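1. build the 3D model from these lines:
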Amino acid sequence: MLDLIILSLHFFICFLISIAIWRGAKDVDLHNSSTGGAETEPDSLIFIGKEEDIKKSQRITAKVNGREIVVFYHEGKFHALDSRCYHEGGPLCRGEIEDIDGQACIVCPWHKFKITLETGEGLYEGINPLEPSPTPKWQSKGVKQRIHKVTIDNGNVYVSPPDLSVSFDSDYFADKYKNGGELAMGK
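-> As a prediction, this is how the structure comes out:
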């Protein structure tokens, strides 16, 4: 009888260890900048890639604390945003950049939502029905997409970890797709 209890206990412990190993493997970030991974650097900056490589490719995706981000190089400036659109989680890394009223915007490939690269504001074209001849004008929905501070140092591009004490609409999809989520980055 004692042998049966010991054997059952041994089986239960092995079962718990296998679950811990299985669950732990999903939370691992691969630190390989050539595949879009990111490495932590001193002063809590996270290495994204080489400045020249990102300038050539115009965009790169990476993980910052498990969160998928996209870094764009557009008209001489670097911009970093959550990689998933605040509206329905569309992959912004596949979007086109357009100039809207003098502001560089990423256009979500799923539903054409427009987000400023500089501030993360959602833009829409609307009219004021109280005007005698209403004409469509670009207006702000407010900041919807989390942006990340980009630092260039010695030919390397770094991003600061996000300040999660302030929330943005894009946080929902950043969490949903964190560490692989239900869908991979490009799907």
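
2. only C-alpha atoms from now on, for both contacts and neighbour counts.
-> Will do.

3. low-confidence ranges, the chain, go.
-> For the chain, the stretches with pLDDT under 70 are 2, 4, 7, 9-43, 179-187.

4. pretty sure residue 141 contacts residue 121?
-> Yes. The pair residue 141 / residue 121 is scored as a contact, 6.6 Å apart, by Cα atoms under 8 Å.

5. next, count neighbours for residue 134.
-> The tally of other residues near residue 134 (other Cα atoms under 10 Å) stands at 11.

6. Three-state assignment for it, please.
-> coil (DSSP: H, G, I helix; E, B strand; the rest coil).

7. ramachandran angles for it?
-> Main-chain torsions, residue 134, degrees, to the nearest 10: phi -60, psi 130.

8. ok, residue 49 next?
-> Torsion angles, degrees, to the nearest 10, at residue 49: phi 170, psi -180.

9. for it, give its distance to residue 111.
-> 29 Å (Cα to Cα, to the nearest Å).

10. so those two - more neighbours on which side?
-> Neighbour count, other Cα under 10 Å: between residue 49 and residue 111, residue 49 has more, with 25 against 11.

11. and residue 141 and residue 121? Which one has more around it.
-> Each of residue 141 and residue 121 has its neighbours counted (other Cα under 10 Å); residue 121 has more, 20 against 11.

12. just to check, that one is in contact with residue 145?
-> Yes. Between residue 121 and residue 145 there is a contact under Cα under 8 Å: 6.5 Å.

13. what sits in contact with each of those two?
-> In terms of Cα atoms under 8 Å, 6 or more residues apart in numbering, residue 121 and residue 145 are both contacted by the residues residue 115.

14. export the host helix or strand of residue 139 as CSV, just CAs?
-> Assessed by DSSP states H and E, residue 139 sits inside strand 137-143. Extracted C-alpha coordinates of strand 137-143, given in CSV (Å, rounded to 0.1, in the frame of the first residue of the first chain):
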residue,chain,number,x,y,z
LYS,A,137,-11.9,67.5,-42.1
TRP,A,138,-9.4,65.3,-40.4
GLN,A,139,-10.1,65.1,-36.7
SER,A,140,-8.5,63.4,-33.7
LYS,A,141,-10.2,60.6,-31.7
GLY,A,142,-7.5,61.1,-29.1
VAL,A,143,-4.4,59.0,-28.4
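
15. could you say what helices and strands it packs with?
-> The contact analysis (3 or more Cα pairs under 8 Å, 6 or more residues apart in numbering; DSSP states H and E) places strand 137-143 against strand 121-126.

16. who's in contact with the strand it packs on?
-> Contacts with strand 121-126, where a contact means Cα under 8 Å, 6+ apart, come from 113-116, 136-145.

17. and of those, the nearest to residue 5?
-> Proximity of the contacts of strand 121-126 to residue 5 (Cα to Cα) peaks at residue 145, which lies at 55.1 Å.

18. separation between that closest one and residue 169?
-> Plainly put, residue 145 is 6 Å away from residue 169 if you go by Cα to Cα.

19. which residues are common contacts for those two?
-> residue 86.
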